[in-house]
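Chemist: Using only what follows, build the 3D model:
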Amino acid sequence: MGRIKSDLKGKNVDEEIQATKNRYAALSGSEVKVTVDAAKLTAYQNAISALEAKESAVSVTRDKQRQAISERDDARDALEKIDVSIVDEINGKSSDVNVLLTTGYPIASEKGSAVPIDQVTNLSAAIGDEPGELDINFDRVKAATGYEFQLSVDTPEAWTNAGATGKTSKFTFTALTAGKKYWIRVRAFRGEEKGSWSNPVSATVAH
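Modeler: From the prediction side, this is the model:
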């Protein structure tokens, strides 16, 4: 004797919306051989519409967040460039420690006592704008000159190198397999020096 099952667990949101839309269309169509309580069918349709609306709102929020992060990083880069130019100007005018301390800046460390590279924190991942994309964001690490990334499919075990970038705290992975769950981790570097890998996060690529 045959039976049906609900298989929504494990699907991403887009897959769940599409699957339930198809089922609602079948259940309310003229060819259906089994009738479902009308009130329950209406509730089903309303629940689909509610999830679709919430997912749309999440997508808008995600886009706004990416834009806000990009604008924040641009503003941060502009500020840091001015700060460095002021440091260069002051250093060109005086090397007296007592004078330099009055500027509010810390005294530069001697060579060989560089700031250690911290672990990347607050790593997050989200579905990208285009098929096969995942976007990540994270907090920048002091003294880092760039970041490198690794991916692992399905479980956080078999890591493969997946690119590197400069000082920006965001990155987009492309050409990933639709429907696959990817684990992601990041570490900062400065020249040949490497920080420790971040705690991994995961996201599923949209179809």
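
Chemist: Can you show me the strands along the chain?
Modeler: Under the criterion DSSP state E, the chain contains strands at 124-127, 134-137, 146-153, 160-165, 170-173, 181-190, 193-194, 201-204.

Chemist: right, and the ones you listed - which one's nearest A53?
Modeler: Comparing these by their distance to A53 (C-beta to C-beta), the top pick is strand 124-127, with 17.4 Å. C-beta: built from backbone N, CA, C; applies to glycine.

Chemist: Out of the strands of the chain, the one nearest E71 is which?
Modeler: Comparing the strands of the chain against E71 with C-beta to C-beta, the closest turns out to be strand 170-173 (11.5 Å).

Chemist: So for the closest one, what gets flagged as buried?
Modeler: Applying a neighbour-count criterion of 16 or more other C-beta atoms under 10 Å, one finds F171, F173 buried in strand 170-173.

Chemist: What is that strand packed up against?
Modeler: Contacts defined by 3 or more C-beta pairs under 8 Å, 6 or more residues apart in numbering; DSSP states H and E place strand 170-173 against helix 38-93, strand 134-137, strand 146-153, strand 160-165, strand 181-190.

Chemist: Now tabulate the ones you listed in a markdown table and tack on distance to I117 and mean neighbour count.
Modeler: A markdown table is the format used below for these (distance: least, C-beta to C-beta, whole Å; neighbours: other C-beta atoms under 10 Å):
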| stretch | distance to I117 | mean neighbour count |
| --- | --- | --- |
| helix 38-93 | 17 | 12 |
| strand 134-137 | 19 | 20 |
| strand 146-153 | 10 | 19 |
| strand 160-165 | 14 | 12 |
| strand 181-190 | 5 | 20 |
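
Chemist: Indicate which one of the ones you listed is closest to T174.
Modeler: T174 sits nearest to strand 134-137 of all those, at 8.6 Å, using C-beta to C-beta.

Chemist: by contact count, what packs against that closest one?
Modeler: Here strand 134-137 touches helix 38-93, strand 124-127, strand 170-173, strand 181-190, going by 3+ C-beta pairs under 8 Å, 6+ apart.

Chemist: Can you list the strands that it pairs with?
Modeler: Pairing partners of strand 134-137, with direction, according to DSSP bridges: strand 124-127 (antiparallel), strand 170-173 (antiparallel).

Chemist: Could you export those strands as TSV, including mean pLDDT?
Modeler: Listed next are the strands paired with strand 134-137 as TSV, based on pLDDT from 0 to 100:
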stretch	mean pLDDT
strand 124-127	92
strand 170-173	92
